[in-house]
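Colleague: no sequence for this one, just the structure:
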């Protein structure tokens, strides 16, 4: 740290705190879901799966950023860049489909409460989570296969803080029409389609909530999906800014800020949103802390 300038030292400490809190917070949430019997429901199974994904997601970019700030090196090897993009694309795509699966779960719980237990079985939950991961890995594999085919004959400085597909295409000097077309098709399949499915689910949810006669019933029904709706809004809001807004010179900084938001800050705030806005999670956390304190006192 002695060779790191003061502003970079401050940024390093900030990112290190974000990284540690993100990893520990998501791991704690997963442990809580596994350990507490009251959280053994499909909704919390999906939340635990999301926290597991966020743990891996945060390990894709932040460690390289921390190492870069600590050592002062701003370079990454070609293989390292491809590997970083592969895991980033896999985890980001998986999150899109996992959020869609979670919206489907909430839609069934609110719109079909009497049939929910028979429709959302543990087998269905496992299939939805496994399918999200498989689609994420498939999309990432196809997109990553195009990177070694690109030719870079000009400057090799990426105008970004990690290896993303669009900034890499901007550096290529050969024909990129095929790669651009494939990226557009898969962008629709792994971002737009899950978003539209999630949006349709929430249209059904809101319609069902409005049909509930009592205010207390409407508030209770909405509280079960408000945390997920918050996460979806934050995640897709920043995602669309990055990949829909044109990367013109005046908007590039906005794109970078939005990228930082959904790659670094979203994994940080997800467990906080679900724990602070969920009474059952807070109750399970207090119960787990009491058990841990009791165990420490008996030592």
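Modeller: Structure received. Predicted model only: the values in this text are computed from it and were never measured.

Colleague: So residue 125 is in contact with residue 47, correct?
Modeller: No - using Cβ atoms under 8 Å, residue 125 is not in contact with residue 47; the gap is 11.5 Å. Heads up, the C-betas are built off the backbone N, CA and C, glycines and all.

Colleague: out of those two, which sits in the more crowded spot?
Modeller: Counted by other Cβ atoms under 10 Å, residue 125 and residue 47 do not tie: residue 47 has more neighbours, with 26 against 18.

Colleague: Could I get the contacting residues of that one?
Modeller: Residue 47 makes contacts with 29, 33, 102, 274, as judged by Cβ atoms under 8 Å, 6 or more residues apart in numbering.

Colleague: which of those lies closest to residue 84?
Modeller: Taking Cβ to Cβ as the measure, residue 29 is the one of those closest to residue 84, at 25.3 Å.

Colleague: May I have the residues that are in contact with the closest one?
Modeller: Contacts of residue 29 by Cβ under 8 Å, 6+ apart are 47, 48, 51, 271, 274, 275, 281.

Colleague: Beyond the host helix or strand of residue 95, next helix or strand please.
Modeller: Per DSSP states H and E, residue 95 falls inside helix 78-111. Once the chain leaves helix 78-111, the next helix or strand it forms, by DSSP H and E, is helix 116-119.

Colleague: now that next one: mean pLDDT?
Modeller: For helix 116-119, the mean per-residue pLDDT is 92.

Colleague: Now do the buried residues in the strand or helix carrying residue 267.
Modeller: Element membership for residue 267, per DSSP H and E: helix 266-276. Buried positions in helix 266-276, judged by neighbour count with 16 or more other Cβ atoms under 10 Å: 266, 267, 268, 269, 270, 271, 273, 274, 275.

Colleague: Packing partners of it?
Modeller: Counting contacts by 3 or more Cβ pairs under 8 Å, 6 or more residues apart in numbering; DSSP states H and E, helix 266-276 packs against helix 6-35, helix 42-71, helix 215-243, helix 279-298.

Colleague: just those: most buried one?
Modeller: helix 42-71 (a mean of 20; mean count of other Cβ atoms under 10 Å).

Colleague: tell me the contacts of the spatially most central residue of the chain?
Modeller: In the chain, the C-alpha nearest the mean C-alpha coordinate belongs to residue 95, at 4.9 Å (Cα atoms, centre = their mean). Shown in contact with residue 95 (Cβ under 8 Å, 6+ apart): 50, 53, 54, 57, 136, 235.

Colleague: which one of those residues is nearest residue 149?
Modeller: residue 136 (21.8 Å).

Colleague: Would you confirm that that closest one contacts residue 100?
Modeller: No - Residue 136 is beyond contact range of residue 100, at 11.9 Å (criterion: Cβ under 8 Å).

Colleague: related to what we said a few turns ago, dump the contacts of residue 95 to TSV, plus pLDDT.
Modeller: Output for these, formatted as TSV (pLDDT from 0 to 100):
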residue	pLDDT
50	92
53	93
54	91
57	88
136	93
235	85
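
Colleague: Closest one to residue 156 out of those, please.
Modeller: residue 57 (26.3 Å).

Colleague: So that closest one is in contact with residue 264, correct?
Modeller: No - Residue 57 is beyond contact range of residue 264, at 9.5 Å (criterion: Cβ under 8 Å).
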